[in-house]
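Student: this one's sequence-less:
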């Protein structure tokens, strides 16, 4: 497999169209609905802000790619962020609404707010109605309510009225804030958001380097690592114990996007190599009945949760493609082909569409952590990152006609 071959690009295009077709039924009156294995909305689940944001982002990309029907899905998702999911009384965005009438989880999370910034940035690039006002509000909220200048990082969670900040601090929300801030910088032309993303990334890379390139995920209010947090709840979907393999891959890619945006940052490229190498060495479980990436490891690299999450493989594809672009090292081309072979054989659902979000170590669909197929965000990244330059951000690159011109 050659990353830039016409046949491979055609396959990526076909898969992109299949993903967008799968998720068409997600819009609901209150936001993007959780999808089951067949792509049907699951009415028993609440409408989540982060799922709605990811849907707006993905279908804004689809609209800019020229896929008919994508723009209405993106606009409906964006409208929900200005409507049912927005807290008109206290400001910011709820975690979720529903499934019943009047049911609201009013928790304000940095994770969800980072995705509002990403969604609004992509919507701006696509020219969706109300996008710029939403982006301005989202950036102001993320800055004023979550960013801690003394630490250079974002807090994790507030109550609905912004009166109590949870003492937990986490890297996951900050990772998605980096992606969102890079997108916002390219859309708005405001370099300060890129500089903030750089500061966050440099701190995370320093922590990773100090732990043999395994990234500490959990911290206390003073940003001291809590390496044993959730040791008794290792399968938590957002706060699992140990090192999260997929995040090592995702941070590697983000470091490369930053390096490309800033120029002449060999240190970021070197760090990306280390993160990727550690994640692959620890995470690729070649000896299992069906090889794949484990979810988490302990601090010596031993697997903790062996379930295979689709998003980890998607991020491996993106990281290998980005490293190949940044370094020209053919070893990454070999990895890129290997990860796509794994995805196509084990994770892509050729019967119903999209990707199985979780499989066991025999390659059988599972639902221990992620039931159904709630969104397309990671899979969409896997098909677009290999076709785009490392900078500018994805939505701006698509808007500016840089697809297949990396």
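Tutor: Done, it's in. Owing to the predicted nature of the structure, the values given are computational and were not obtained by experimental measurement.
Student: which residues of the stretch 251-400 of the chain fall in helices?
Tutor: 266-283, 310-327, 330-342, 377-384, 394-399 (DSSP state H, counting those that start in this stretch).
Student: now swap in the stretch 51-200 of the chain and tell me
Tutor: 70-82, 110-126, 131-141, 171-188, 191-210.
Student: so which of the ones you listed gets nearest residue 93?
Tutor: helix 110-126 (5.7 Å; Cβ to Cβ). Any C-beta I mention is one placed from the backbone N, CA and C, and that applies to glycine too.
Student: Mean confidence (pLDDT) on the closest one, please.
Tutor: In this model, helix 110-126 carries a mean pLDDT of 98.
Student: returning to that earlier point: buried deepest among the helices of the stretch 51-200 of the chain, which one?
Tutor: Counting by mean count of other Cβ atoms under 10 Å, helix 110-126 has the highest mean neighbour count of those, with a mean of 28.
Student: Give me whichever of the helices of the stretch 251-400 of the chain is most buried.
Tutor: helix 310-327 (a mean of 25).
Student: Report the angle between that one and helix 330-342.
Tutor: For helix 310-327 against helix 330-342, the angle by axes from the mean of the first three to the mean of the last three Cα atoms, to 10 degrees is 160 degrees.
Student: Renumber starting at 26 from here on
Tutor: With the count now opening at 26, the last piece we talked about shows up as helix 335-352.
Student: The closest residue to residue 112 other than its chain neighbours: how many residues sit nearby?
Tutor: Excluding the flanking residues, the one nearest residue 112 by Cβ to Cβ, 6 or more residues apart in numbering is residue 119, at 5.7 Å. Other residues lying near residue 119 total 23 when counted by other Cβ atoms under 10 Å.
Student: rewinding a little: turn the helices of the stretch 76-225 of the chain into CSV, including distance to residue 246.
Tutor: Listed next are those as CSV, based on distance: least, Cβ to Cβ, whole Å:
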stretch, distance to residue 246
helix 95-107, 29
helix 135-151, 14
helix 156-166, 20
helix 196-213, 14
helix 216-235, 16
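Student: Please verify my assumption that the residue nearest to residue 112 contacts residue 130.
Tutor: Yes. Counting by Cβ atoms under 8 Å, residue 119 does reach residue 130; the two are 6.2 Å apart.
Student: Kindly reformat the helices of the stretch 276-425 of the chain as a markdown table containing mean pLDDT and distance to residue 112.
Tutor: Below are the helices of the stretch 276-425 of the chain laid out as a markdown table (pLDDT from 0 to 100; distance: least, Cβ to Cβ, whole Å):
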| stretch | mean pLDDT | distance to residue 112 |
| --- | --- | --- |
| helix 291-308 | 98 | 36 |
| helix 335-352 | 98 | 28 |
| helix 355-367 | 98 | 40 |
| helix 402-409 | 98 | 23 |
| helix 419-424 | 98 | 26 |
